[in-house]
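Enquirer: below: sequence and its predicted model.
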Amino acid sequence: MNERRKFLVQSIAALSAIGLGARMSRAEAAAATRLSSRRFEAYVNQAFTFYDSRTGTPTRMKLLAVQHVPSGPKLEQFSLVFRGRSGVTLGEGRYHVVGGPARRLELFITPTPGQGGAPNYRADFSLLV
């Protein structure tokens, strides 16, 4: 719970800074471009490696889908759905991820019901465009 609260507070602070007219550097603008739903769609059915941010333990998961959520003209909302491995369960929290369009990023994932004994996980995005 504390991890999720920290993540939400940091997200709100970042959105507030943008709303107050803080300028993004070129690197930040490029990173924001990289994290669009279109960029992730090219990686559906490909493997990503998740590293537990506390222990460093790696777990491989496959990106199952990019789910679009209705959003406004200046907001892009979507979720990434990953399929885990049978017998391996990750808790809700932040993980360092290798793979996909950003190569390396940090995601907050939430376990969701899966099929065939393998758990699914969801990472939600709400990006200003």
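Expert: Good, I have the coordinates. Numbers count the residues shown, from 1 in each chain.

Enquirer: only C-alpha atoms from now on, for both contacts and neighbour counts.
Expert: OK.

Enquirer: below-threshold pLDDT in the protein: ranges please.
Expert: 1-34, 102 (pLDDT under 70).

Enquirer: against which helices or strands is the lengthiest strand in it packed?
Expert: In the chain, with assignment by DSSP state E, the single longest strand is strand 58-69. Under the contact criterion of 3 or more C-alpha pairs under 8 Å, 6 or more residues apart in numbering; DSSP states H and E, strand 58-69 touches helix 37-41, strand 47-52, strand 75-83.

Enquirer: what strands line up against the last one, and which way round?
Expert: Within its sheet, strand 75-83 is paired with strand 58-69 (antiparallel), strand 120-128 (antiparallel), according to DSSP bridges.

Enquirer: follow-up on the earlier one: could I get the buried residue list for the longest strand of the chain?
Expert: Buried residues in strand 58-69, counted by 16 or more other C-alpha atoms under 10 Å: 59-66.

Enquirer: reformat these as TSV; add distance to residue 51.
Expert: Listed next are these as TSV, based on distance: C-alpha to C-alpha, whole Å:
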residue	distance to residue 51
59	6
60	9
61	11
62	14
63	15
64	19
65	20
66	21
